[in-house]
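Undergrad: Attaching a predicted model along with its sequence, questions to come.
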Amino acid sequence: MIVALILLVLLAFSFLSNLGHFARNFVSSGGRRINSVGPRLDEVIIEDNDAANKIAVVAIKGVITSQAMDGSGYNLVDIVKAQLKRADDDDKVKAVILKVDSPGGEVLASDEIYRLLTDFQKDAKKPIVASMGNLAASGGYYVSSPCQWIVANELTITGSIGVIMHGWNYRGLMDKVGLAPEVYKSGKFKDMLSPDRKPEDIPPEERQMVQHLIDETYGRFKQVVQDGRSTAHQKNKSNADKGRALAEDWAKYADGRVLSGKEAYDLGFVDQLGNFQDAVKRAKILAGLGGNANANLIQFQQRYEFGDFLRMFGKSQAPPVVKLDLGVEAPRLQVGQLYFLAPMFAH
C-alpha cells in the first residue's frame, strides 16, 4: 500500500508538471501547437539578462552518432532538428550558438546535422555562430563549417579533416587455435571486409573499391568545408569585421592532421579566436542587435517525464563489464562504417 501511495503521488506530480509545461508552451507559442512530433523540449534560461530577445544554444557534445542517446529513443540528429525547429518558430530567438565539443563521429549523422544547420540559416534567416570548446575535430569541424561565424580558443583541438574506416583481421589467431571459416557466397566481393580472411586472399580490386569509397567521402568533406567557409565569407563581407577567408593552400592541411585554434585561424578555418562569451557577442552583432545589447541565453532541453522513469525498470540487467579507464570515453567503432573521427579516437 505504501508503494501504491508513492506511485500515486508521483503520477499526480507528473500530471501537474505536464499541465504546467503545456500551459507555458501554449502561452509562449501564442496558442500554436509545437513539438507535436519528435523530442519533447522545454525552454530553459541559462543566462537571464532581463531581455526580450533570445539567443538559443545548441550543444554538440561527445561522439556524433545516429544511435539513441537515452531511453527516449531519440538520437542527436533528432534532438538538434527539434531544437532548430523551436528556434525557428520563436520570433524572439534572433540567433543560434552551436556549442561544439566533439571528436567527430559517424559520417551520415554528421552530414545530416550539417544539412539541418545549412537549411536553418537559409530558411529562418537567423545566423549560427559556432563556439568551439576543447575539441572540435573531424566531424566536430564538419558540423561547424556551415556556420556563418566560427569562434575557437587558441588551444582548441580542431581540424582532422579526413575519413576513416576501421576493422580487425583475426585470421592469424584463428589459425593458431585450429579454427577455419567456411564461406558460401553469391559473388566474388560478397565477403568484403570480412575479418576472417588471410590478408593475401584479399583481391587488389577490393582494396581499390574500399579506398575509392574513402576518397569519395573525403572529397565530400573538403567540398563541405570550402562551400561553408566561402558562403560565410560572402555573408560577412558587409560586416565591419569580415571574418577569415580560407588560405589558398588550405587543402594541403586537410590531410587528417589536427590543428590548434591558432593554426586554424591562420588558415581561415575559423573566423575569430576567443571563448563562449565572444561567440555570444558575435551572435548579437550578426543578428543586428549590437554587441553590447542584452539578450537572454536559452536552451531547449529534452523533457523527462514519469513514463521515462518507469521505462528504466523495464530494462534487463546488463552483464558486468570490465573497463580500462584511459581518461577518455572512446566510441565503439562499427566495422565497415565510415567515420569523421579525430585520430586519437579512431582505434
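TA: That came through fine.
Undergrad: rest of the way, CA atoms for contacts and neighbours
TA: OK.
Undergrad: OK, contacts around Lys81?
TA: Residues counted as contacts of Lys81 (Cα atoms under 8 Å, 6 or more residues apart in numbering) are Ile113, Leu116.
Undergrad: how far away is it from Asp119?
TA: Taken as Cα to Cα, to the nearest Å, the spacing of Lys81 relative to Asp119 amounts to 11 Å.
Undergrad: What of Leu7?
TA: Noted for Leu7: a distance of 44 Å to Asp119, by Cα to Cα.
Undergrad: and if you look at Asp88?
TA: When distances are taken as Cα to Cα, Asp88 and Asp119 turn out to be 11 Å apart.
Undergrad: The two - which one has more neighbours?
TA: Each of Asp88 and Asp119 had its neighbours counted (other Cα atoms under 10 Å), and the higher figure belongs to Asp88 (20 against 14).
Undergrad: residue contacts, the more buried one?
TA: If you count contacts by Cα under 8 Å, 6+ apart, Asp88 has them with Phe120, Ala124.
Undergrad: Now with 10 Å, please.
TA: Contact criterion Cα atoms under 10 Å, 6 or more residues apart in numbering gives Ala82, Lys94, Ala95, Val96, Phe120, Gln121, Asp123, Ala124, Lys125, Lys126 as the residues in contact with Asp88.
Undergrad: Can you give me the end-to-end span of stretch 174-181?
TA: According to Cα to Cα, stretch 174-181 extends 9 Å from its N-terminal end residue to its C-terminal end residue.
Undergrad: Return the set of buried residues in that stretch.
TA: Within stretch 174-181, not a single residue qualifies as buried, counting by 16 or more other Cα atoms under 10 Å.
Undergrad: What of stretch 43-61?
TA: Applying a neighbour-count criterion of 16+ other Cα under 10 Å, one finds Glu43, Asn53, Lys54, Ile55, Ala56, Val57, Val58, Ala59, Ile60, Lys61 buried in stretch 43-61.
Undergrad: So which residues of the stretch 101-250 of the chain form strands?
TA: In the stretch 101-250 of the chain, the segments counted as strands under DSSP state E, counting those that start in this stretch are 104-106, 128-137, 149-152, 157-159, 164-165.
Undergrad: Direction included, what does the second one pair against?
TA: So that's strand 128-137. The pairing partners recorded for strand 128-137 under DSSP bridges are strand 93-102 (parallel), strand 149-152 (parallel), strand 157-159 (parallel).
Undergrad: ok, now the last one?
TA: If you go by DSSP bridges, strand 164-165 pairs up with strand 338-341 (antiparallel).
Undergrad: The buried residues of stretch 43-61 in strands, which ones?
TA: Secondary-structure check on these using DSSP state E: residues within strands are Glu43, Lys54, Ile55, Ala56, Val57, Val58, Ala59, Ile60, Lys61.
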